[in-house]
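In: Structure, please.
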Amino acid sequence: MTSYTEKYRGIHPGRVLEREFKKRSLKQRPFALSIDEHPQTLNAITKGRRGLNTALALKIEEKLGLEEGSLVLLQAFYDIKKEKEGQRSRTPNFKILRKSLFWDTDIESIDWDGQYKAVIRRVLERGNVEEREEISRFYGDGKVTLIAKSINKIATSL
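Out: This next block holds a predicted model:
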């Protein structure tokens, strides 16, 4: 169970189920009916639109021969991941970051997750100490250090 849950940790269990169905050449509708479940429910789970409850997980695990509790654990890990994402602030503290740091764009419209490399690079190159600390707090020291190293590699290769 450890390798299975470690391998798919943080992924919605429905996506893992969908993969299992493809590997075993199983159709969702007949499978759902064989475990006395509505096909629509199983489809919503495999598409990630619905969570997997314990009772249904046990039925699926038994039918597929998976280790008991593996899908429930995957659901728990997925829920934890989603909760952590929700708790993390979506934008850095604008009271610390100067708007002039991002003079070429509207600071309110920046995709902070998608454009993290450019944001970190800009703050490292042009930001003051407080702005650098805020970016480190927002993205984490590991991510900022990684980008800083890539900037140094580019600078030394020129």
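In: Where does pLDDT dip in the protein?
Out: Low-confidence segments of the chain (pLDDT under 70): 1-3, 87-89, 155-158.
In: quick one, domains of it?
Out: 2-87, 99-157 (automatic domain parsing).
In: Out of those domains, which gets nearest to Asn93?
Out: Closest of the domains of the chain to Asn93 is domain 99-157, at 5.6 Å (criterion: Cβ to Cβ). (Each C-beta comes from the backbone N, C-alpha and C, glycine too.)
In: Throw the domains of the chain into JSON lines and include mean neighbour count and distance to Asn93, thanks.
Out: Below are the domains of the chain laid out as JSON lines (neighbours: other Cβ atoms under 10 Å; distance: least, Cβ to Cβ, whole Å):
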{"stretch": "domain 2-87", "mean neighbour count": "15", "distance to Asn93": "16"}
{"stretch": "domain 99-157", "mean neighbour count": "14", "distance to Asn93": "6"}
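In: what's the helix or strand Lys149 falls within packed up against?
Out: Assessed by DSSP states H and E, Lys149 sits inside helix 141-157. When contacts are defined as 3 or more Cβ pairs under 8 Å, 6 or more residues apart in numbering; DSSP states H and E, helix 141-157 sits against helix 116-126, helix 129-139.
In: Next one: the nearest residue to Ile135 once chain neighbours are set aside from Asn152, what distance?
Out: Leaving aside its chain neighbours, Ile135 sits nearest to Val123 (4.5 Å; criterion: Cβ to Cβ, 6 or more residues apart in numbering). Distance of Val123 to Asn152, given as Cβ to Cβ, to the nearest Å: 15 Å.
In: re earlier: show the contacting residues for the residue nearest to Ile135.
Out: 97, 101, 131-132, 135 (Cβ atoms under 8 Å, 6 or more residues apart in numbering).
In: I'd like those as TSV, with distance to Asn53 appended.
Out: Below are the contacts of Val123 laid out as TSV (distance: Cβ to Cβ, whole Å):
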residue	distance to Asn53
Leu97	43
Leu101	47
Glu131	46
Arg132	45
Ile135	40
